[in-house]
Every structure is written in structure tokens, then in C-alpha cells.
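K.L.:
have a look at this prediction, sequence included:
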Amino acid sequence: MDLYSMLQVIAGLSFFLYGMSVMSSSLEKMAGGKLEASMKKVTSNKVMSFLLGALITIAIQSSSGAMVMLVGLVNSGIIEYSKTLPIILGSNVGTTFTGWLLSLTSVGGGEFSILSLLNPKYFSPILAFVGILLKMTGKNEKKKDIGIMLLGFAILMYGMNFMSDSMKLIADEPWFADMLVMFTNPLLALLVSALFTGLIQSSAATIGIVEAFALSGTMTYQMAIPLVLGANIGTCITGVIGAIGTNRNAQRVAVMQVLVNTLSAMFVLIVQILMNIVHADAILLTLATSFSVAMIHTVFNIFNTLVSFLLEKQIISLSKKFVRETPEEVRVFIDERLLSRPAIAVRECLSKTKEMVSMAKDDLQLSLKLLTDYDEKDYEFIRKTENDIDWYEDELDTFLVKLSRMELSEDDSKISSKCLHVITDVERIGDHALNIADIAKKLHDENKSFSDEAMVELRNMITALSEIVDFASRSFVEDDLASSAQVEPLEEVIDVMADDMMDSHVKRVVEGSCTIKEGFDWSDIINNCERVSDHCSNIAVAVIEVSDDEFYTHQYLHDLKHDSDAFKALYQYYSDKYLHPETKNV
């Protein structure tokens, strides 16, 4: 009976942890990158950051997951570490929600009543049945994810009930009484709880076990308080492990969590020990219930929050002393720890790709400006930014390939695919921008210029190219299909413009208004402009085809050019606008 009961406790804990993992994963998958986007927006507001930390932890049912996410975002330079304390404190408070949820297992007592309907023992089987129906019959991914989440919750609650029932069976065992005596030593109870929580990396599981102890009718406040405090300390191990190998600021985030949880726990523990010494511990010897365990957890974390807000500057300063500056930090693009949170990682890749598109667009427009108004500082800026664009492309390509091996939602898979399809074209636009800038520098250094007629044509090309790059950029950054539709007709017009400009140059050479030597530079400029428009076309087509869930580029372009009245109308519009510059006020 003794061994069997212990195996039931272990089985209950196993079900609990598995259910927690399943529910957490499905909740996070449904939330997608909205959590990360919200985290970036509100970190400047302490109250909003605190609420966000609590909501994220409630949403994904894991303070450890929230900490790993936070460490990864700080390591990637997305969030300043000095603004993370409110999120950490919010996460601490958010994790108490699970304790309240688990305490519902004690509602209603032994006999069924209306109040018993709040007990997961009665409604979990229904949720499990609904969950499996959604998983098996759901027609879209969102419904299936909801089904998996409900199944995870049911398994979690089944595990909690299993543990509670098993605890009641072993409550009268002599060895169990001896173990409880051990927990009357506050320091030892805190240490055991912290080590156990660190081992399983789940404070919710530890709180669940403490509540199961309380349901057996053998847990006093004297035992429960240090066990809860230990769970708060032990949960820091996930953040500490996650910060290994990160930059200094990310490590300071983990240190701050350890400081606020440990110092507050030690203060409460000292107060409890003093109460024991002066024999003012009557209330501590009262039997705790599962509700009171949840209350202890909540009150402690609220107390922890209030004290930490008052001492925020000191906590940040102390974290700096524990983790000192180094002469050089390794530049981190996207922290690979975010791969454990694919939905967050996908949104971060999208954000970085948008940055890359913006840099390439700015570089190109600046390089085109150099052709008519050269500036050495602008040229050096383009050279530096082009190196950054190359680095973005290398890092994104590597990260996206790793991300493609993860289990992604349908929307996240589309975003990842879209990023993969455009980053090479964006990088090539950056290369052509530098090529154009190099030509502009050469013309400036050699004091060469084109004829007035050639400059009219060149300004016309610059205007058209600026417009197509703007359309391509907007189509990706804003997921704007209307802008995407403008690109291909304009690209066709730019191809014609390029041919006309080369023909015009040959005519000028024959007439003697331009030289053959200048023709090489002219040809290089036109070729680079034409190639930029081709890459803009690739970007726009990728946006359209990802939206349509298809990748048949050649067939799409063929059908577009031959069967689309809208394409023909736009082509005529841009032809009238750009193919006859002598009639325009350029």
C-alpha cells in the first residue's frame, strides 16, 4: 500500500507536469507574437509592464517561459534590461493564478452540490471531451489548438486530483509524519522546496504539491510558508540557466529575479523564525488549506512587488555589481533561446526583416541622390549600412532555417516563408545601392558629368526607381497587397526605360554630346537600376504568393501579364508617366 501510494503521487505529478506543458505550449501558440509585440510597446510604463508580465504568465501558464522570453529579448537588444524589473514582478504575481486554479480541487467537499461545479473534478472531464472533439474534427488550426489546450488543462487537473487523493491515503503513514516533522524547520523546508522547484523547473507544480499536502489535513502555516517561499526562489533557476552564454544585460535580468525573490523570502523567513523564538507562533500552528496556500503565494508576491518597486534603483545597481561590464560584448542578432518560443521567434524575424527592408530602401534612395548631389558623408553611411544589411541577411537566413524545423502555426509558417523569400532580394538591393554610390563617387572624384539630356532621363529613372522601391517596401512591411500589385507593371516600364536610355546614349555618342568613356558609367547605372526593379518584383510577388499560399512565380507572372486587365491599365499609366520624360516637368 505504501509503495503503491507513492507511485500514485509520482504519477499524479507526471500528469500535472505534462498537462502544464501541453496547455502552456498551445496557449502560447494561439497568442502568437502578440505577446512579444506588446512587451516592446509597454516597457516604458512600469504599471503597464507589470500588468503585461502578469498577463503573459497567465496566458502561457509559465513564469519560467516568460523569463526565458525576457532574457532572450534583452540578449537580442530588443528590450533594455533596466526596464525589465516590472515585467519580472508581474510574472511573479501572474504565476499565483495557477495556485488559485489548483485550489478549486477542494471546493464542494465530498458530496456533490451546486458549489461542486467549480471543482475541476467535475468539469475537467467535460473539457477533455470537448478538447478531443476539437482536436479530431476542428477544420482550422485555431480550433485544434483550443482543443489541445483544453486537453492539457484536463490532464493537469487530473494529475492534481490524483496527487491529492494519494496524499490522503498516505497521510497516516509513520514515514509521512516523520517527513512533515522535517518541514517544521523553516530553513530546511525552504531549501527542500527551492531545490525541488529548481529540479522540475515549475513553481506551479511545487505549489500544487503543497496544496495537495494541505488537502490531506496535515499541513500547518509554519510548514506552508517556507515551502511557498522556496518555490519562488527555485523558479529562478530557469532564468539563470537561460542566461548562461548571454550578454551582460541579459544576465542581469536573471540576477534581478534571484535578488527580488530571495531577499524578500529571507525577510519573511526571518520574521517567521523570530515568531517561533518568542513563542508568538500560535497562528503558524493552525492547519492550512489549499486556499490559504494560494493566498500565501499571492500575498508574498504582492509584498515582494511593493518592496521591489520602492527599491528598484538599488536592485538595478546591485545587479550591475554582480554582473560587471566587459570591454566588448558580442553582438547578438536574435537570441537562439527564442527558438523555444517559436511564435515569438517568428515575429522577431519579421521585425528584423522589416528593419532590413527599411535599411535597403533608405540606402538606395540615398545612393540615387548621390548621382545628382554628391555628399561624402552619405556615401560612407551607405557603405556602413550595406555591411549591416549583409549581416542581417546571413543571420536571418541561418535563424529562419532553424526555425523552419520547429512546429509552427499556419500563420507563423507563412510569415517565416515570406521572410525567407525576400531577404536575399533585399540584400541584393543593398548591393546595387552601394554599386550606384560607388559610381557616383567615381563621377565626383573624376569631375565627370552627363549631358543635360542624359540628366533629364536619369532623373526620370531615379523617380521611377524610388517609386517602385517604395511600393515593394510597403508591400512587405505593411503586408499591403495593393502596393504589391503596383510593382510588376512599373517594373515592366522600367525595363523599357532602361532600353530607351541605352539607345539614347548611343545616339548621343554618335552626335558627339557624350563620350564612349562616360558610356561605361551610364551603362553600369542603368544595369543596377534595372536589377533593383527586378528584385522589387521578386519581393512583391513573394508577398502576393504567400498570401495566396502558392509559389508558382513564373506561372503567376505569365498569367498576370497576359490575362489581367488591371495589369494592363497600370502598365499604361506608368508608361504615360515615365516613358516620355521630355514631355514631363522632371
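P.N.:
Arrived safely, thanks for sending. Numbering: from 1, shown residues only.
K.L.:
C-alpha only now, for contacts and for neighbours.
P.N.:
Noted.
K.L.:
so S367 makes contact with I439?
P.N.:
No: using CA atoms under 8 Å, S367 is not in contact with I439, being 9.4 Å away.
K.L.:
name the helices or strands packed onto the helix or strand L199 falls within?
P.N.:
Element membership of L199 [criterion: DSSP states H and E] is helix 186-200. Counting by 3 or more CA pairs under 8 Å, 6 or more residues apart in numbering; DSSP states H and E, the packing neighbours recorded for helix 186-200 are helix 203-215, helix 221-234, helix 236-243, helix 248-277.
K.L.:
possible to save those as JSON lines with mean pLDDT, mean neighbour count and distance to S193?
P.N.:
Converted to JSON lines, these look like this (pLDDT from 0 to 100; neighbours: other CA atoms under 10 Å; distance: least, CA to CA, whole Å):
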{"stretch": "helix 203-215", "mean pLDDT": "82", "mean neighbour count": "27", "distance to S193": "7"}
{"stretch": "helix 221-234", "mean pLDDT": "90", "mean neighbour count": "28", "distance to S193": "5"}
{"stretch": "helix 236-243", "mean pLDDT": "82", "mean neighbour count": "22", "distance to S193": "12"}
{"stretch": "helix 248-277", "mean pLDDT": "88", "mean neighbour count": "20", "distance to S193": "12"}
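K.L.:
and E488, which of these is closest to it?
P.N.:
With CA to CA as the criterion, E488 lies closest to helix 248-277 of the helices and strands packed on helix 186-200, at 44.6 Å.
K.L.:
who are the packing partners of the closest one?
P.N.:
Here helix 248-277 touches helix 63-75, helix 85-94, helix 186-200, helix 221-234, helix 236-243, helix 290-310, helix 312-322, going by 3+ CA pairs under 8 Å, 6+ apart.
K.L.:
what angle sits between that helix and helix 63-75?
P.N.:
Here the directions of helix 248-277 and helix 63-75 differ by 140 degrees (axes from the mean of the first three to the mean of the last three CA atoms, to 10 degrees).
K.L.:
ok so, going back, tabulate the helices and strands packed on helix 186-200 in TSV, adding columns for distance to I60.
P.N.:
TSV is the format used below for these (distance: least, CA to CA, whole Å):
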stretch	distance to I60
helix 203-215	12
helix 221-234	18
helix 236-243	15
helix 248-277	19
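K.L.:
what's the closest of those helices to V323?
P.N.:
V323 lies closest to helix 248-277 among those, at 6.3 Å (CA to CA).
K.L.:
OK, contacts around V293?
P.N.:
Contact partners of V293, counting by CA atoms under 8 Å, 6 or more residues apart in numbering, are 99, 207, 210-211, 214, 224-225, 228.
K.L.:
give the residue farthest from the middle of the protein.
P.N.:
In the chain, the greatest distance from the average C-alpha position (CA atoms, centre = their mean) is reached by E511, at 61.2 Å.
K.L.:
domains of the protein?
P.N.:
As recorded under automatic domain parsing, the domains making up the chain are 2-322, 341-583.
K.L.:
please identify the deepest-packed of those.
P.N.:
Most buried of the domains of the chain by mean neighbour count (mean count of other CA atoms under 10 Å) is domain 2-322; its value is a mean of 20.
K.L.:
can you give me the angle the helix holding L199 makes with helix 203-215?
P.N.:
130 degrees.
K.L.:
what does helix 186-200 contact?
P.N.:
For helix 186-200, contacts defined as CA under 8 Å, 6+ apart pick out 182-183, 203, 205-206, 222-223, 226-238, 269, 272-273.
K.L.:
between the helices and strands packed on helix 186-200, which one is nearest to T353?
P.N.:
With CA to CA as the criterion, T353 lies closest to helix 248-277 of those, at 23.0 Å.
K.L.:
mind checking how far that closest one is from the chain centre?
P.N.:
29 Å (CA atoms, centre = their mean, to the nearest Å).
K.L.:
when you give positions from now on, start the count at 41
P.N.:
Happy to do that; since the first residue is 41 now, the last one works out to helix 288-317.
K.L.:
tell me the contacts of the nearest residue to Y261 once chain neighbours are set aside?
P.N.:
Spatial nearest neighbour of Y261, excluding adjacent residues (CA to CA, 6 or more residues apart in numbering): L324 at 4.7 Å. Contacts for L324 (CA under 8 Å, 6+ apart) come out as 260-262.
K.L.:
with distance to F373 added, can I get the domains of the chain in CSV?
P.N.:
Formatted as CSV, the domains of the chain follow (distance: least, CA to CA, whole Å):
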stretch, distance to F373
domain 42-362, 6
domain 381-623, 7
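K.L.:
quick check: phi and psi on S453?
P.N.:
Backbone geometry at S453, expressed as degrees, to the nearest 10, gives phi -60, psi -40.
K.L.:
let me know whether L408 touches I476 as I believe.
P.N.:
Yes: the pair L408 / I476 is scored as a contact, 7.1 Å apart, by CA under 8 Å.
K.L.:
okay, which residue is most central for the protein?
P.N.:
What sits nearest the mean C-alpha location of the chain, by CA atoms, centre = their mean, is I384, with 2.5 Å.
K.L.:
so how far is the helix or strand containing it off the chain centroid?
P.N.:
For I384, the host element (DSSP H and E) is helix 382-410. Put simply, helix 382-410 sits 17 Å off its chain's centre (CA atoms, centre = their mean).
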